[in-house]
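Trainee: One predicted model, sequence on top.
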Amino acid sequence: MVRAVAALLAAFATVCAVTCSTTSAFAATLEVASEAEDGPGSLGETILEAGPGDTIDIPAGEYPLTNGDTLIEQQNVLRGAGEQVTTVIPTGGGDALDQVTYSGFTVAPALQADGDSDDGAGIETKAQILALVVTLGIFLLILELVRRRRLVERYALLWLSAAVALLVLAVWTDGLNVIATAIGIEEPANAIFILAFGVVFLLLLNFSVATSRLSEETKILAQEAARLDHELRLARGETPRASRASAATGSDEDEHESPVRAQRDG
């Protein structure tokens, strides 16, 4: 039994040694030839041309690092010509270099920090100030309309809520990025149009409901006014308009018939 186990361990060790030697034999070494960000000979293009486990030599110079995901997937080894001689500049967050083996070069600060986005990176200071001024103007206008009784409190609350939302977006500069990420929009600027469309839709729906209710109440009030007018005329002893017309028509007929009736009686 012991001999069988020893034989199996020896066979396993032999297979591992053969596998490792085969992998080392197939590993290649590639050299970067261009300091450009992309294109033939660049560091990013060399990473795409390399295979799993290959070593990439980087000569003296500054080289932008792209295709970091491929670098991590292939576990390539980066080897520079020496620190302060070769400089690698991550174009993303720089996480790729934390997950691979590298030596012989200096890592420069990343061009784009983690979580940053070139699209809608935030509201500029002037735009933010303009948004704050416009929001405060909306607040003052709503309060003035309420004071003059030209806007009822119910609708004033709706407009004040919209103004508060604008104020939050004006102060919270990364709000659009967070909202766009939450609802799955690639361009944060498109979130503005979606939010505006949603607000306009809710306001129009609320006004449609209010208009429908007012129309129904107006119809009921008109019917009540007609009924009260009829009852008031009856209480005063006045003949309703329809009855008056009938009575007038009947009296005219009696006047025309009276001479005929007199001749007949005579």
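Mentor: In hand now; what should we look at? Quick caveat: nothing in here was measured; it's all calculated off a predicted structure. Residues are numbered from 1 along each chain as shown.
Trainee: residue ranges of the strands in the stretch 101-250 of the chain, please?
Mentor: Counting by DSSP state E, counting those that start in this stretch, the stretch 101-250 of the chain has strands at residues 101-103, 106-107.
Trainee: CSV for these, including distance to Gly82, mean neighbour count and mean pLDDT?
Mentor: For glycine as for every other residue, the C-beta is placed from the backbone atoms N, C-alpha and C. As requested, the strands of the stretch 101-250 of the chain are exported to CSV (distance: least, C-beta to C-beta, whole Å; neighbours: other C-beta atoms under 10 Å; pLDDT from 0 to 100):
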stretch, distance to Gly82, mean neighbour count, mean pLDDT
strand 101-103, 10, 13, 91
strand 106-107, 9, 15, 90
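Trainee: As JSON lines, these with distance to Ser34 would be great.
Mentor: Listed next are the strands of the stretch 101-250 of the chain as JSON lines, based on distance: least, C-beta to C-beta, whole Å:
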{"stretch": "strand 101-103", "distance to Ser34": "19"}
{"stretch": "strand 106-107", "distance to Ser34": "19"}
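Trainee: Asp38: what's it in contact with?
Mentor: The contact partners of Asp38, taken as C-beta atoms under 8 Å, 6 or more residues apart in numbering, are Gly44, Glu45, Thr66.
Trainee: can you check Val88 too?
Mentor: So Val88 contacts 43, 58, 62-63, 65, 78, 80, 97, 102, 105-108 (C-beta under 8 Å, 6+ apart).
Trainee: Mind doing that once more with 10 Å?
Mentor: Taking C-beta atoms under 10 Å, 6 or more residues apart in numbering, we find Val88 in contact with 32, 43, 58, 61-65, 78, 80, 94, 96-97, 102, 105-108.
Trainee: mind listing what the helix or strand where it lies pairs with, with the direction of each?
Mentor: Element membership for Val88 (DSSP states H and E) is strand 86-90. Strand 86-90 pairs in its sheet with strand 61-65 (parallel), strand 106-107 (parallel), by DSSP bridges.
Trainee: Mind exporting the C-alpha coordinates of that strand to PDB?
Mentor: C-alpha atoms of strand 86-90 as PDB (Å, rounded to 0.1, in the frame of the first residue of the first chain):
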ATOM      1  CA  THR A  86      11.300  53.300 -18.000                       C
ATOM      2  CA  THR A  87       8.000  54.800 -16.900                       C
ATOM      3  CA  VAL A  88       4.600  53.200 -17.300                       C
ATOM      4  CA  ILE A  89       1.600  55.500 -17.200                       C
ATOM      5  CA  PRO A  90      -1.700  53.600 -16.400                       C
END
